[in-house]
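Participant: Dropping the sequence and predicted coords here.
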Amino acid sequence: MRNDPRERPARPTRRDAPDVPDGSGVSFVMPVLNERDYLERAVTTTLAQSVDGPIELVLALGPSSDGTTELARELAASDARIVLVDNPAADIPVGLNAAIRASRHPTIVRVDAHSELAPGYTRRALATLARTRAGNVGGIMRAEGRTPFQKSVAAAYNSRVGLGGGAYHGGQEESEAESAYLGVMRRAVLDEVGLFDESIRRGEDWELNLRIRSAGYRVMFDPELSVTYWPRESWARLARQFVATGRWRGELVRRYGTRNSLRFFAPPALVVAVVVSAVVGILQATPLLSPLWTALAAITHLPLALYVVLVVGVAVSRRGAGLADRLWTLAVLPTMHLAWGAGFLAGVLRGAHDTVDTSRLSGRNTPLP
């Protein structure tokens with residue numbers, strides 16, 4: 001039965017995760033949906049991981065429309081370490097749970113089809129798990145891009161301004177963490193807390209790590225662990241992704257309240273600031289306000305003005321970036337923040353319900369060179 005962190009004490013007794021014998025084996029789990037242009041690299045870098053003991057890669061296949069499933073079957077036919085399971089619902093937590101249940105080894109490594117594991121990633125993570133006895137270990141999400149747009153999105157991901165300063169976006173010291181990017185976990189801990197919550201379509205990793213911490217286990221951040229992540233390839237995909245992510249964060253606030261970090265409230269505050277500034281600007285352009293109130297109302301534009309200065313500063317300060325990269329940054333950062341913030345407010349007010357990340361459902365991705 002899943003442990004509910006809302007029913008556990010605020011300061012649970014500290015516990016060490018069960019250790020496992022050397023050479024016990026590792027199971028990599030990867031949900032896959034419309035990732036034909038990224039899947040082979042993700043699989044290759046995963047199977048190239050060097051560990052003591054056997055490994056397997058369990059792919060949870062959603063109903064792809066771009067040839068991903070056919071490619072996955074070809075890869076599985078050429079390597080017995082690849083196991084395929086169906087994920088007809090296409091939901092990430094459902095696919096992850098199906099893959100975990102189909103796996104055989106006591107250590108689970110989550111992998112994203114839009115990512116590439118750095119050489120030595122798993123060996124280092126296993127050493128950190130053994131040394132710290134944590135329930136979950138994660139590292140840095142190193143976003144990269146090919147086109148000017150994708151490079152700008154990657155720069156935003158790698159910036160504390162872009163995604164709000166989580167440790168896995170640029171932390172430099174090993175420490176306990178709120179959550180972990182992807183994650184390397186002990187199977188026994190996952191079984192104890194009840195695997196991923198299948199009612200949560202985005203933010204499922206944060207919620208899982210909340211339950212892991214509520215059960216008394218540590219979640220550790222190790223800056224020596226690095227995963228390459230390829231962001232969405234177009235403005236429309238990016239906006240849809242962030243609206244869905246924001247809406248599910250709003251749902252998590254409805255469920256868990258103050259257990260959410262304050263940094264999650266910055267984007268919705270920006271949306272409110274934009275709306276207030278727009279309304280006041282309209283009023284200032286009419287004779288409805290006296291000269292005194294018009295002058296006082298100008299103060300309401302200050303937060304938005306400071307935000308514009310911040311975005312311009314980030315764009316200008318990008319080292320080695322060309323003009324196109326800098327211009328895209330001016331569009332990317334507000335898109336991420338406003339889309340996320342608008343989704344958050346909708347999620348808090350009405351809940352997430354059946355909201356899905358439609359950026360994963362449409363069309364082909366931009367091919368990698």
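Facilitator: Now that the structure is in, tell me what you want to look at. Numbering: from 1, shown residues only.
Participant: Identify the residues contacting residue 68.
Facilitator: 32, 33, 34, 35, 36, 39, 61 (Cβ atoms under 8 Å, 6 or more residues apart in numbering). Where C-beta positions appear, they are placed from N, C-alpha and C, glycine not excepted.
Participant: Looking at those, spot the one nearest residue 220.
Facilitator: Relative to residue 220, the closest of the contacts of residue 68 is residue 32; by Cβ to Cβ it sits at 27.1 Å.
Participant: can you pull up the bridge partners for the closest one?
Facilitator: residue 61 (DSSP bridges).
Participant: if I read this right, it contacts residue 61, doesn't it?
Facilitator: Yes. Using Cβ atoms under 8 Å, residue 32 makes contact with residue 61 at a distance of 5.5 Å.
Participant: Now for those two: what residues contact both?
Facilitator: Common neighbours of residue 32 and residue 61 (Cβ under 8 Å, 6+ apart) are 68, 72, 87, 95.
Participant: which phi and psi does the last one have?
Facilitator: Main-chain dihedrals, residue 95, degrees, to the nearest 10: phi -60, psi -40.
Participant: Can you name the residues that contact it?
Facilitator: Remark: with contacts taken as Cβ under 8 Å, 6+ apart, residue 95 is in contact with 31, 32, 60, 61, 62, 85, 87, 89.
Participant: after the least confident helix or strand in the chain by mean pLDDT, next one along is what?
Facilitator: Sorting the helices and strands of the chain by mean pLDDT, DSSP states H and E puts helix 291-297 at the bottom, at a mean of 71. For helix 291-297, the following helix or strand on the C-terminal side (DSSP states H and E) is helix 302-316.
Participant: where does that next one sit relative to the chain's centre, distance-wise?
Facilitator: Between the centre of helix 302-316 and the centre of its chain there are 25 Å (Cα atoms, centre = their mean, to the nearest Å).
Participant: max-length strand in this protein?
Facilitator: Ranked by residue count, the top strand of the chain under DSSP state E comes out as strand 219-229.
Participant: Give the pairing partners of that strand; include direction for each.
Facilitator: Using DSSP bridges, the strands paired with strand 219-229 are strand 115-117 (antiparallel), strand 136-143 (parallel), strand 175-176 (antiparallel).
Participant: Which of the three states applies to residue 98?
Facilitator: Of the three states, residue 98 takes helix under DSSP: H, G, I helix; E, B strand; the rest coil.
Participant: Could you pull up the contacting residues of it?
Facilitator: So residue 98 contacts 60, 85, 86, 87 (Cβ under 8 Å, 6+ apart).
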